[in-house]
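>>> pasting the sequence and the predicted model now:
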Amino acid sequence: MPLEVHDHDSGTVQLTILGSALLAAALLCALFGAAAAVYGGRTGDRRWVESSRRAVYAMAALLTTAVVIIEIAFLRDDFGFALVADHSSTTTPTFYKLTAMWSSQEGSLLLWAWVLSLASSGVLFITRNRHREIVPWATAVLAGIGSFFVGLMIFKAQPFSHLDPAPAEGAGLTPLLRNPYMAVHPPMLYSGYVFWSIPFAFCVGALIARRLDASWIRTTRNFALLAWTFLGIGLLLGSRWSYEELGWGGYWGWDPVENAALMPWLVGTGFLHSVMVQEKRGMLKVWNVSLICGTFSLCLVGTFLVRSGVLQSIHAFGASTVGGPLLGLIAVVAVGSTLLIVSRLADLGPERRIESLLSRESIFVVNNLLLVGLAAVIFWGTFFPLISEFFTGEKHSLAAPWFDRYVTPLGVLLVLFTGIGPLFAWGRLSASGARRLLLWPAVAAGVTVAVLLAVSDAGGHPWALFVFGFAAFTLVALAGEFWRAGSTRRALTGESIPRALAEALGRNRRRYGGYIVHAGIALTLVGIAASSSFQTNRDLHLQVGQSANVGDYTIHYDKLSSDPNPERLSFVSHLSVSRDGKQVSTLAPARNYYPTDDPSAGPIGRYFMGESTSEVGLRARAGGDLWTAFQPDLSVLNPDIKRGNRQLTGLPPAAQEFAILALVQHYVENPPSANFRVIVNPLVGWIWIGALIALAGAVMAGWPALESRRRLEAAYRARLGRELGTATEPS
Amino acid sequence: MDPSRKRKIRLVIALSAAVLLAAGLVYTSFSASTEAKEPSQLLHSDPGATYELTGKVVPGSIQHAGDELDFTISDRDGSDPIPVSYSGTVPDPFRDGREVIVTGKLENGTFMGERDSLVTKCPSKFTTTTPGQSS
Amino acid sequence: MEFFLALIIVVLVAWFVTAPLRKRDAVESEDPAVAELADLEARKQAKYRQIRDAEADRTAGKLTEEDYRRLDRELRAEAIDILKRIDRVHQRHDG
């Protein structure tokens, strides 16, 4: 038996050493790649550039192997890996074993570096024969960032540290993270952050090489869109999780880590729009390089905030060891890119000027200002404790009400512009055209506002009223654009309306996919406005058999039941919900208690001293949600728990389990009154629906067009013509 | 008016608006903010002023009395305990030994927490472990 | 045992990464003309799309006839410019 254990242990030790070696090799590849790329860029020797590209490919292969080793260790419950022992256990479900890797500092750094290496390999493969002046510098930037994160892993947060002897059981995953949204949220967020590094690297390359036409933008456009999409998904998952899992009922709290992901998303949105102006009209070059450098810097700030302890937040803990180096990287990126942009200002002059305020170009400038302004307000509010400490010596913090007050006006204006932008044309919009195009949307807005004022108390919430009006404007404007697209094509080709519409949309996926994103965003903002302004929120204190009224609903506390299993104790409340005298639903909000391994809690007490999570009772409808959470009063059990701890220590686990079950049963039969939080949230579901529509629009916009295949064909035909010595006709 | 003059005027207007808004932002943020304090600092500050108190929940001090939650908060090292009285949402991770943030005022030796202002930090997700040790 | 494995990996990686450096002269894996053509093709398609969009805008009444004609002339001139550059690339390699 000892011999087997020894073999298993030494096998683990071998793997951990191999893993560390893989990381070291990855670091060497990254450093070599950066150096070789710089050398190749300066001398023009393509062999060095090719070598640097291979170094990035090798880094990706090495990191992939490292990830595979760790995931296999999780699956095999190999607790010789400190990472596995700290974040998994034999009883953890398989899905969460696989996702546990990134619930740790070390694992999340590995995820960051791995996705970066894959994305870098992808873009370098695609551009292996193009943009010869830019690619070396872009490679250097990507390899440099990669080497930083791998270096962090080697020197500050080792994923491959091993435990000797290996414990028999692991600590398990925090119950709060045993949720599919939370499991998928980090890879989405990190993919978002990482993918922004691609356009950033190519921007830096373009600046260094002074190739400041739109080619760097065109090449990295899909990566920028993917980055925006993933970051958006990460934000969506985080807020949905917060709404469904936390006993608070909110989906956004202006917590620093939430803001950390929102800021790059906002500035990135500006970038995605602003580059269109450069591609079509050769303008806003300084804006574009600044926006992408700002976006990527904010991505690094986001990565930093979650793990630095610099700000007080749900996620920020005591100082961690990686905070300092990350701050250094942020400084290098922010200051370096600023200096680089300033040095190239002469090359960033516009090819044209904005002719008229009534043009899409000028709308996009306003758009940039709004989005950057929003990000600036959020940045100011998030970092205010540090700013105030710097200037006054005292740490002052700003809470959600401040954010709401200053973000709302800008957000409301954005809703309007998501409708105006699509209406305007590139170049000067004719006055008669403007009048005609704006008519129906404006009518829709006016009618919406009038109706709402008449039938509801929306008048008391002016900002929400503006949002509803502007959203109506936007949706009608977008519908008009779709209509025009379909009818124009129909006039040309005589196809049926649905066919004409489908063809028109299909041929211009970027534009119409973008319009669908706009529609989704408008709906999301409607959901946010309605659920924040018209929410009914009550804390109830009910005995079994009692009822209370919340909004239009009557909540009746039917009974309490329990659902104990070896993993956790569960107390489930049963509520009947009725409206206008008729029962509409039953909800079962619950509270789960996970035992702790802390021996000082006692054999009975440990069930109540560990983590607890809420199961929310949710009735979701298009018109709104009824959200309930339950908090039982367990203090009446304290004397029994103390007595149980004393009398049952040392007894076999079966006896302790029996005692727990008896205790739970006794409580359920005679429960004291419990606290409930009930929230009536109008239209909140439209937040998620709108976000999904926006994502669908983004997918449509990014879907590769047949045109790219035709382009490739043309290139091959040209080459064939050359080799045959004859010209060929393009079909 | 020639185009370049028009452009310059637009730029000046935009910049002035930005400066005005920024100034407004800066001014209001100082008045709208609450100062952050730890328990040891709270004992030496203005009584009657609202602060954002950060500290650790002293083990064994949690008591629920109906709607109200009472507990004792101390510095991270356990010193300077201050009793807290709070009502409102209690976050799921709240328990003994956790780091919490609550906003309120010190009244007669007890810190009265504002409704729904209690924030509990997630259990340490991102502390790094030294090799050979578990956290 | 693990050192041996790690050594093999390092050697393989080094061999893969330095392979281009061991060639005598710069390797042209593919004719640069193809790359340039691909880029010019992309620009051409984007310009064509702009021309079509401008026409759609005129049909929708967003642009006055005069503004449209001016914009159309400008865009077509830019498109011709790109076509000329494409031809030049062809000539460079056919001639």
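Nice, thanks for sending it over.
>>> show me what counts as buried in stretch C:3-18.
C:6, C:9-10, C:13-14, C:16-17 (16 or more other Cβ atoms under 10 Å in any protein chain shown). Quick note: C-beta positions are derived from backbone N, CA and C, even for glycine.
>>> what mean pLDDT does stretch A:503-510 get?
On average, the pLDDT along stretch A:503-510 is 87.
>>> in chain C, which helix or strand is least confident?
None of the helices or strands of chain C scores lower by mean pLDDT, DSSP states H and E than helix C:32-59, at a mean of 83.
>>> can you list the buried residues in that helix?
C:33-47, C:49-51, C:53-58.
>>> just checking, what packs against it?
helix A:215-245, helix A:256-281, helix A:462-493, helix A:706-724, helix C:65-94 (3 or more Cβ pairs under 8 Å, 6 or more residues apart in numbering or on different chains; DSSP states H and E).
>>> quick one, the last one and helix C:32-59 angle?
Taking axes from the mean of the first three to the mean of the last three Cα atoms, to 10 degrees, one finds that helix C:65-94 is oriented at 170 degrees with respect to helix C:32-59.
>>> helix C:65-94 near chain B at all?
No. Under the criterion of Cβ under 8 Å from any Cβ of the partner chain, helix C:65-94 makes no contact with chain B; the nearest approach is 15.6 Å.
>>> what angle sits between that helix and helix A:256-281?
80 degrees.
>>> for the closest residue to chain B within the stretch 51-200 of chain A, phi and psi?
Residue of the stretch 51-200 of chain A nearest chain B, by Cβ to the nearest Cβ: residue A:161 (3.6 Å). Main-chain torsions, residue A:161, degrees, to the nearest 10: phi -70, psi 140.
>>> how's chain B carved up into domains?
B:1-30, B:35-120 (automatic domain parsing).
>>> most tightly packed of these?
domain B:35-120 (a mean of 17; mean count of other Cβ atoms under 10 Å in any protein chain shown).
>>> between the two ends of that domain, how far is it?
Domain B:35-120 has an end-to-end distance of 18 Å (Cα to Cα, to the nearest Å).
>>> check stretch B:76-90 too.
End-to-end distance (Cα to Cα), stretch B:76-90: 20 Å.
>>> what's the first helix or strand after the one helix or strand in chain B whose mean pLDDT sits lowest?
Lowest on mean pLDDT, DSSP H and E among the helices and strands of chain B sits strand B:63-65, with a mean of 76. Downstream of strand B:63-65, the first helix or strand assigned by DSSP states H and E is strand B:68-74.
>>> shaky segments in the chain?
You didn't say which chain, so I picked chain A. Along chain A, the model assigns pLDDT under 70 to residues A:1-9, A:309, A:312-320, A:705-731.
>>> the intended chain is chain B.
Using pLDDT under 70, chain B drops low at B:1, B:66, B:123-135.
>>> bridging residues for the most centrally placed residue in it?
Computing the C-alpha centroid of chain B and ranking residues by Cα atoms, centre = their mean puts residue B:52 first, at 4.3 Å. Beta-bridge partners of residue B:52, counted by DSSP bridges, are residue B:36, residue B:103.
>>> my read: it touches residue B:42, true?
No. Assessed by Cβ atoms under 8 Å, residue B:52 is found out of contact with residue B:42, at 10.3 Å.
>>> ok so, going back, separation between the residue nearest to the centre of chain B and chain C?
51 Å (Cβ to the nearest Cβ, to the nearest Å).
>>> got it, and residue A:407?
Residue A:407 is 32 Å from chain C, by Cβ to the nearest Cβ.
>>> and that residue, how far from residue A:694?
19 Å (Cβ to Cβ, to the nearest Å).
>>> cool, and residue A:544?
44 Å.
>>> higher neighbour count, the two?
residue A:694 (22 against 17; other Cβ atoms under 10 Å in any protein chain shown).
>>> helix, strand or coil for the more buried one?
Of the three states, residue A:694 takes helix under DSSP: H, G, I helix; E, B strand; the rest coil.
>>> secondary structure element for the residue nearest to it when sequence neighbours are not counted?
Leaving aside its sequence neighbours, residue A:694 sits nearest to residue A:520 (Cβ to Cβ, 6 or more residues apart in numbering or on different chains; 3.0 Å). Per DSSP H and E, residue A:520 falls inside helix A:509-533.
>>> would you tell me what the next helix or strand after that helix is?
Downstream of helix A:509-533, the first helix or strand assigned by DSSP H and E is strand A:536-542.
>>> do the helix or strand following that following strand and chain B meet at all?
Proceeding N to C from strand A:536-542, the next assigned helix or strand is strand A:547-550, under DSSP H and E. No. If you take Cβ under 8 Å from any Cβ as the test, strand A:547-550 misses chain B, and the best it gets is 13.2 Å.
>>> can you list the strands that strand A:547-550 pairs with?
By DSSP bridges, strand A:547-550 pairs with strand A:553-562 (antiparallel).
>>> tell me what the helix or strand just after the strand it pairs with is packed against?
Going down the chain from strand A:553-562, the next helix or strand is strand A:569-579, by DSSP H and E. Counting contacts by 3+ Cβ pairs under 8 Å, 6+ apart, strand A:569-579 is packed against strand A:553-562, strand A:582-587, strand A:590-593, strand A:617-621, strand A:624-631, helix A:653-669, strand A:674-682.
>>> centre-most residue in the chain?
Chain wasn't specified; assuming chain A. residue A:234 (2.0 Å).
>>> you looked at the wrong chain, it should be chain C
The centre of chain C sits closest to residue C:39, judged by Cα atoms, centre = their mean, with a distance of 1.6 Å.
>>> verify the contact between that one and residue A:129 for me.
No. Using Cβ under 8 Å, residue C:39 makes no contact with residue A:129, being 10.4 Å away.
>>> would CSV of the buried residues of stretch C:3-18 with pLDDT, secondary structure and distance to chain A be doable?
Supplementary listing: the buried residues of stretch C:3-18 in CSV, determined by pLDDT from 0 to 100; DSSP: H, G, I helix; E, B strand; the rest coil; distance: Cβ to the nearest Cβ, whole Å:
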residue, pLDDT, secondary structure, distance to chain A
C:6, 85, helix, 4
C:9, 90, helix, 6
C:10, 91, helix, 6
C:13, 93, helix, 5
C:14, 92, helix, 9
C:16, 92, helix, 6
C:17, 91, helix, 5
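>>> as CSV, the helices and strands packed on strand A:569-579 with mean neighbour count would be great.
Written out in CSV, the entries for the helices and strands packed on strand A:569-579 read as follows (neighbours: other Cβ atoms under 10 Å in any protein chain shown):
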stretch, mean neighbour count
strand A:553-562, 17
strand A:582-587, 13
strand A:590-593, 21
strand A:617-621, 17
strand A:624-631, 24
helix A:653-669, 14
strand A:674-682, 23
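>>> next, count neighbours for residue A:341.
Residues contacting residue A:341 under the criterion other Cβ under 10 Å number 18.
>>> I figured it hits residue A:204, correct?
No. When contacts are counted by Cβ under 8 Å, residue A:341 is not listed as touching residue A:204 (9.7 Å).
>>> which residues do these two both contact?
Common contact partners of residue A:341 and residue A:204 (Cβ atoms under 8 Å, 6 or more residues apart in numbering or on different chains): residue A:293.
>>> note down every partner strand of the least confident helix or strand of chain B and its orientation.
When sheet partners are counted by DSSP bridges, strand B:63-65 sits next to strand B:68-74 (antiparallel).
>>> quick one: contacts of the strand it pairs with?
Contacts for strand B:68-74 (Cβ under 8 Å, 6+ apart): B:39, B:53, B:55-58, B:61-64, B:80-87, B:90, B:100, B:102, B:111, B:118.
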